[in-house]
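*Asks:* pasting the sequence and the predicted model now:
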Amino acid sequence: MNLSNRKFIVGLIFLVVGILFIARLFTIQVLNDKYKLDSDSNVLREITQYPARGLIYDRKGELLVYNEAAYDLMLIPKQVKAVDTTALCSLLGIEIEEFREKFSKAKKYSRYKASTFLKEISSISYANIQEQLFRYPGFFVQTRTLRKYPRNSAAHILGYIGEVNQKTVEENSYYKSGDYIGKSGLEYSYEDLLRGTRGVKRVLVDVHNREKGSYLDGDSDTMAVTGTIIRTTLDIVLQEYGELLMQNKKGSIVAIEPKTGEILALVSAPSYDPNMLVGRAVKKNYPILSKDTLNPLFNRATMAAYPPGSTFKTIQALIGMQDGVITENSGFTCIRSMVGCHPHPSARDVSESIKMSCNPYYTQLFKRIIQQGKAKSIYKDSEIGLGIWAKQVQKFGLGQTLTTDFPGVKSGVIPGVNFYNRWYGEGRWAFSTIRSLDIGQGEILVVPLQMANLAAIMSNRGYYYTPHFIKHIDKTDQIPEKFTVKNFVGIDKQYFTPIVNGMERVVNESGGTARRARLKNIVVCGKTGTAQNPHGEDHSIFIASAPKDDPKIAIAVYVENAGFGGTWAAPIASLMMEQYLTDSISTKNIRKEKRILEANLLNVKAKK
Amino acid sequence: MRDYKSIFSNIDWTIILLYLSLVFIGWINIYAAVYNEDHHSIFDITQRYGKQLMWIGLALLIAFAILLMDSQFFTAFAIPIYGLVLLSLLGVLVFGVKINGATSWFQFGSIKIQPSEFAKFATSLALAKYLSAIDINMKDIKTKVMAAIIIGLPAVFILLQNDTGSTLVYAAFIFVLYREGLSGNILLFGILAIIVFVLTLIFGPIAIILTATFTYIVIYTISKYHLKTMLIATSIFSILVYLLFHYKLNETIIYYGIGGSLFFLIAYLITKKEMKDKGVHYMSVLIFVLTCSFIFSIDFAFNKVLKEHQRTRITVLLGEEDKLIEQIEDLKVKRDTEGISKEEKQEYRDNIGEKRYSLRELRQGNGWNIKQSLIAIGSGGFTGKGFLEGTQTKFNFVPEQSTDFIFCTIGEEWGFIGTFVLMLIYIALFLRLLFLAERQRSIFSRVYGYAVASILFFHFLINIGMTIGLAPVIGIPLPFISYGGSSLWSFTILLFIFIKLDSERLLVLR
Ligand SMILES: [Zn+2]
C-alpha cells in the first residue's frame, strides 16, 4: 500500500470540515433571518434601581429629611434610530437647540452607556412621555429620588446632596457618573449609611423600545437596599426657635447636652431653606446663595473663628488654681492702669473675679501662670510657661479639631511657643509680648462649637463627650465609640466649684455681667464675653449651662457686631435654655423675646 | 552556507503570508471585541488589544530566532525538550495557579505561562523523532504502544489539570499516525471517537450508547471479519463515556453503564455463536430488535428516572426553550383553575418550579452561550454590521469575546464575507502545510509537518464548531487569532519550527 496516497484522505477531511463550516455559516448568516431578528430584540438595558436614601429624624422622632420620587429621561445614543426630533422636543418641552446640545453631550460621554438626558421630569409629563416612549428607541425613564426637608430648617446641619464629581467616581468604585452623593453636613458624614446599595435590573429590549422580559430570568438582577435610617441628637423645635431668634443677625448658637455630648441645636445665621438646594433648583439657587454678601452657605457655628473674649477667663482661673499659682481665695486689685476695666470693687477671690469679669485680675494671674520662675531669663521662663499653658488649654478641646461627626469643623488657634517664635523670633518675646491672651483676646481663636463644649465642660466640672449629631443608627444599638468616651481636661474637680459659683453669680447676683440671662426657678450659670473685632463693632458672646446642679443644656451664643456679651448673646441663650427646659417661654420673658425678634443687627458696622 | 540569504530564500512565503494575515485579523478583532471607549487607541497597552500587539511583536521575534537556529537542533533535542515540558506539566499541577477551574498556569509576578500550550510542539517533536528512527514500523504493536505513550503522557497530565479542551487536542495526532501507516480503521474509529465524545458532551451518555450501537451495526454489516475488534472497540466507547462522566457519578450513568455492557455482552455471545453457522442477516435482525428494545428502555428511563434538570442538560441544543416556556404557561393555567384540590395545586406549583429551574439552567448554561454566539454570528448577515458596530459583543451578550469566542466578533462585524475569507485562509493554511509535509525528504520533517497541520486543524474544528453550534462549548483558542500570549507563542513556535525544517529540506540526504 502506498502510504503517500493517504495525504488525499487527510486533505479531504480538512477540506470537508472547511466546506461544512462554510455551508453552516452561509445558512445562519445569509439564508436565515431569525438571528438578525433575535439580535434586534436582544438589546440589553441596565436599569439602575436607585435605593431610597436613608431618612433622618430628630431626637424626638420628628422627620427631618425624606425622599420624593423623580423621573430622569435616560439615553443610550447607540440605540437611537431615526428620530422625529420635532415631535420628541415638543413632547419633552425643550427647544431643538437644547435637544441637540444634550444629545451630543450624551454621545460624548458614551455611545454605549446610558446617561441622563433630561433631569426631573414632572410626574405629569412623565405619564405622557412614558406612553410615547416606544417611538423613541434608546430613550427610557429612570426613577430616582429627591431629598425633601419638611421643616425648612437646619440646612447647615443636614447639608445637601449633589451629583458626584469625576474625582470621586475615579477613586471610589461604588459611584458612577450622575450618582448623587452627600456634599455637606450630615448627608456627607453619614453618606455610607444613608446611600444604601444600588441595585441593577437588566431587561431585554427590542428594536421598538419595548421590554421583552428580564435578562437571565432576573437572576443577574440585584435588589436595591434602602439607606439606613438615622436619628440625630438634634431637637428640631429648639433648632427652629434658635433660627427664629437669630433672624436678622449674624452669628451662631450651639447647644449641647453636657452629660452625653449630644448637639441639641446648631444655628448659623443667616441660613437658608434646605429645599433650595434640591435637584434641578440647585442650578438656580446655588449661585444666589454663594454670592450673597451675608454668606448664608458659611456655617459659622463650626467654621467661623472668633476670639473667646472674657469667657476664656474661666479657663485661666482653672489653670491658675491647678498650677498652684493662686488659690480660690486669691484676690487681685483692679489696677485699671494695667488694662482697661469697668468700675467695680476689686475681686477678693476667684468667684468674684468671674462675676465681675475683672481684666487686671487676669493680667496679674496670667503673669503668674506664664512666669513661674522655672528659668533665670524671663524669655526662657515665658517660653516654658507658655508651653505648659498651651498644652493645658488644648485639653479643653481648643486649638484642635473636635473629632465630631460633622464635616469642615475648624480647629481655631491656641498660640504656643512655636507660634511666637515664628512671629518674633526665639528668645525675643516674654510675658509682656503675649499678655493680651490673658482675657481671651489677641491671637487666640475658637469656633462656637468649641465654646459650647467649654460650657459643657464647666457644667460637668471637668470633662466632656465629643459633641456629635448621631443618636441612633437603625438596626444597630450603638453609636461610634469615640462619642461615648469621657474626655477629662486635666483640672481637678474641686477647682471648678469657685468657677461655677462665679458663673452663677454672673447671672443671678446684682453686679453680675449677665443679669439678662436669669430664669425663674432655674439656676443658670454663665459667662459673658466680648470679642474684639478690628473690622467693626465687637462680637457679643455668652456661654452658659443650666440647671446648675443637674446640667441638661450647655450653650454658646455668638452675635456678630452686637457689642457687649450681656446685651444680646445672654438673653438669646436664656431664651434657648428656657425653651429647651420648659418647652415654652414664660410670660415674664415674652418682652425679652420680642426685643430679640425685633432686633436687626445686620447693618451695625461702625464702632461706637 | 547558512547565511541569511539562503535562510530566507528557501522559506515558504505562502505560509508566512497566511500566518501574518491571521495574526492581523486576530489583533483588529480583539480590538473590536473588547473595545473600550476610554482607551480607544489600538496601541493602548493597558487594554487587551495593546497587549496583543506586544505578544505579536514577541511572537515575531521568536519566529525570527527560530529561523536563525540550526534545524539540527530540533532533531537533536526533540527528546530533552519533550522531557522538560513533561516536567513542567507535572510542576504546574503542584505549583500552578487555578484560573477558571483549570490548574494550568505558572505565575511569575504578573506574567502567566501555560505549559500545556508548549506541550503541543514538544510532543510533535518527540513523536517525529520516534517515528523517524530506522527500525520503526507502524504495523508493530510496540511502535503503536510507544507512539500512544508519547502522545498520551502529556494528554493525561493536561487532563489532570482539569483542562479538557487542551487534552482533546491530542486526538489530532491520529492523522499523523494514520499517515505513517496506522490502520485506516483506527482513523475511522478516531473520527467516530471524536463524534461520540462531542455528542456525549452535548447529549449525555444515552447518545453515545446509541451511537456506539449503530456504529457497531454499520461496521458489522460492512465488515464481518472484524467482529471481535468491533465489539471490543464499541465496549471501550462505553467505558470511555463512563469515565468521562465519572466525576459527575450518579446512579443514572451507572445504570446506563451496566445496561450498555450487558447489552454488548449478550450481543457478543449471540453473534459469536451465530457467526459459525448462520448468515449475517439473521443476526443483524436480532441486533436490530435488541437495539429497539434498548432505545425504548432508554426512553423510559429518560422520562421516568432522570431528574428534570438532567433532562434539560440533554436537550439543551434541541430548541427546548420555547417548549419549556409553553409548558410553564400551561401549568400556570392548570394551577389557577378553580376547584382543584390543595394537593394538586401544590403539585402544579412544584412542577412549575422545576421547569423554571430547567429554563434557567438552559438559559445560563452552555445553551445560552451557544445561542448568543449564534445570534452574534447570524446577525452579521452577508456583509456584517461593520467594524466596531457589533451590538451582541458590545453589550456583552457573548462570553469570552476576545479569547474563545473571538469568532463571534468576526462573524457579527464582517458578516459572511468575513467568515468565508477566514475559512479560506485556514483551509489554505492546512492544505499548504500538508503539501509542504509531503515534499520533505526526512521522515522527521514529514511527521512534524503533519503534526502541525493536525493540531492547528483540530483547534479550528473545535473552536469554530463551538461558536456555530456544531460542537459543544469547549474552551480552546482559535490559532493565531484568539487573545493571549501563551497560545500565540506556542502556535508560532509550532509553525515556525516546521517552516525552518522545510527551508532546509534540500540539505537532508535521502
Ligand atoms: Zn476690674
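*Replies:* Noted; the coordinates are in hand.

*Asks:* tell me which other helices or strands the host helix or strand of A:I263 touches.
*Replies:* If you go by DSSP states H and E, A:I263 is part of strand A:262-269. The contact analysis (3 or more CB pairs under 8 Å, 6 or more residues apart in numbering or on different chains; DSSP states H and E) places strand A:262-269 against helix A:155-158, helix A:236-245, strand A:251-257, helix A:300-303. (Glycine included, C-beta is placed from N, CA and C.)

*Asks:* need phi/psi at the spatially most central residue of chain A.
*Replies:* Among the residues of chain A, the one closest to the centroid is A:G185, at 2.7 Å (CA atoms, centre = their mean). Backbone torsions of A:G185, given as degrees, to the nearest 10, read phi 60, psi -150.

*Asks:* and A:E191, by the same measure?
*Replies:* Dihedral angles (degrees, to the nearest 10) for A:E191: phi -50, psi -50.

*Asks:* quick one: contacts for it?
*Replies:* A:181-182 (CB atoms under 8 Å, 6 or more residues apart in numbering or on different chains).

*Asks:* and the pLDDT for it?
*Replies:* Predicted confidence (pLDDT) for A:E191: 93.

*Asks:* any idea how far A:H156 is from it?
*Replies:* Distance, A:E191 to A:H156, by CB to CB, to the nearest Å: 17 Å.

*Asks:* thought A:D235 was touching A:K60, still the case?
*Replies:* Yes - between A:K60 and A:D235 there is a contact at 6.7 Å, judged by CB atoms under 8 Å.

*Asks:* secondary structure class of the residue nearest to A:Y420 when sequence neighbours are not counted, three-state.
*Replies:* Distances taken as CB to CB, 6 or more residues apart in numbering or on different chains place A:W429 nearest to A:Y420, at 4.9 Å, with adjacent residues excluded. What DSSP: H, G, I helix; E, B strand; the rest coil gives for A:W429 is coil.

*Asks:* my guess is A:W429 contacts A:S382. True?
*Replies:* Yes - taking contacts as CB under 8 Å, A:W429 lies within contact range of A:S382: 6.9 Å.

*Asks:* the two: which has the busier surroundings?
*Replies:* A:S382 (26 against 19; other CB atoms under 10 Å in any protein chain shown).

*Asks:* for that one, give me phi and psi.
*Replies:* phi -60, psi -40.

*Asks:* look up the pLDDT of it for me, please.
*Replies:* Looking at A:S382, the pLDDT reads 90.

*Asks:* go on, B:L159?
*Replies:* 83.

*Asks:* what strand or helix carries it?
*Replies:* Counting by DSSP H and E, B:L159 is part of helix B:141-160.

*Asks:* any buried residues in stretch B:343-350, and which?
*Replies:* B:Y348 (16 or more other CB atoms under 10 Å in any protein chain shown).

*Asks:* what's in contact with that stretch?
*Replies:* B:331, B:334-335, B:340.

*Asks:* closest one of the residues you listed to the ion?
*Replies:* Distance to the ion across these (CB to the ion) is lowest for B:R335, with 92.9 Å.

*Asks:* need the nearest residue in space to the closest one, chain neighbours excluded.
*Replies:* B:Y348 (3.9 Å).

*Asks:* my read is that neighbour is in a strand, agree?
*Replies:* No - assignment of B:Y348 by three-state DSSP gives helix, placing it outside any strand.

*Asks:* where does chain A get nearest to chain B, which residue?
*Replies:* A:Y35 (2.5 Å; CB to the nearest CB).

*Asks:* and the nearest residue in space to that residue that is not next to it in sequence, what's its pLDDT?
*Replies:* Among residues not flanking A:Y35 along the chain, B:G378 sits closest, at 2.5 Å (CB to CB, 6+ apart). As predicted, B:G378 sits at a pLDDT of 87.

*Asks:* quick one: B:G378 from the ion, how far?
*Replies:* Counting by CB to the ion, to the nearest Å, the separation of B:G378 from the ion is 97 Å.

*Asks:* quick check: phi and psi on that residue?
*Replies:* Torsion angles, degrees, to the nearest 10, at B:G378: phi -60, psi -40.

*Asks:* hang on, it packs against A:F26?
*Replies:* No - using CB under 8 Å, B:G378 is not in contact with A:F26, being 11.0 Å away.

*Asks:* more crowded one of these two?
*Replies:* Taking neighbours as other CB under 10 Å, B:G378 and A:F26 compare with B:G378 leading, 28 against 15.

*Asks:* how much space between A:R151 and the ion?
*Replies:* Distance from A:R151 to the ion, by CB to the ion: 45 Å.

*Asks:* thinking again about what came up before, pick the most deeply packed of the helices and strands packed on strand A:262-269.
*Replies:* strand A:251-257 (a mean of 28; mean count of other CB atoms under 10 Å in any protein chain shown).

*Asks:* please save the CA atoms from that strand in PDB.
*Replies:* Taking Å, rounded to 0.1, in the frame of the first residue of the first chain, the C-alpha atoms of strand A:251-257 are listed here in PDB:
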ATOM      1  CA  GLY A 251     -23.700  84.700  64.400                       C
ATOM      2  CA  SER A 252     -24.400  81.300  65.800                       C
ATOM      3  CA  ILE A 253     -25.900  79.200  68.600                       C
ATOM      4  CA  VAL A 254     -24.600  75.800  69.700                       C
ATOM      5  CA  ALA A 255     -26.500  73.900  72.400                       C
ATOM      6  CA  ILE A 256     -25.100  70.600  73.800                       C
ATOM      7  CA  GLU A 257     -26.400  68.100  76.300                       C
END
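
*Asks:* now do that strand against helix A:236-245, angle only.
*Replies:* 160 degrees (axes from the mean of the first three to the mean of the last three CA atoms, to 10 degrees).

*Asks:* follow-up on the earlier one: check the residue nearest to B:R335 and give its pLDDT.
*Replies:* 80.

*Asks:* what do you get for A:L3?
*Replies:* You'll see A:L3 listed with a pLDDT of 79.

*Asks:* please apply the same query to B:R510.
*Replies:* So, for B:R510, pLDDT stands at 44.

*Asks:* show me what from chain A comes close to the ion.
*Replies:* A:334, A:341, A:358 (CB under 5 Å from the ion).

*Asks:* most surrounded residue in the residues you listed?
*Replies:* Busiest of those [other CB under 10 Å] is A:C358, holding 29 neighbours.

*Asks:* A:K60 and A:D235: which has the busier surroundings?
*Replies:* Taking other CB under 10 Å, A:K60 and A:D235 do not tie; A:D235 has more neighbours (23 against 10).

*Asks:* for that one, which non-adjacent residue is spatially closest?
*Replies:* Per CB to CB, 6+ apart, closest to A:D235 is A:L264, 4.8 Å.

*Asks:* any idea how far the one you found is from A:V237?
*Replies:* A:L264 is 10 Å from A:V237, by CB to CB.

*Asks:* could you chop the chain up by domain?
*Replies:* Let's take chain A. Per automatic domain parsing, the structural domains of chain A span A:44-56+A:69-146+A:162-230, A:305-446.

*Asks:* if you could check chain B rather than the one you did, that'd help
*Replies:* Split by automatic domain parsing, chain B gives B:4-182+B:401-414+B:440-507, B:187-305, B:309-364.

*Asks:* comparing those domains by mean pLDDT, which bottoms out?
*Replies:* domain B:187-305 (a mean of 52).
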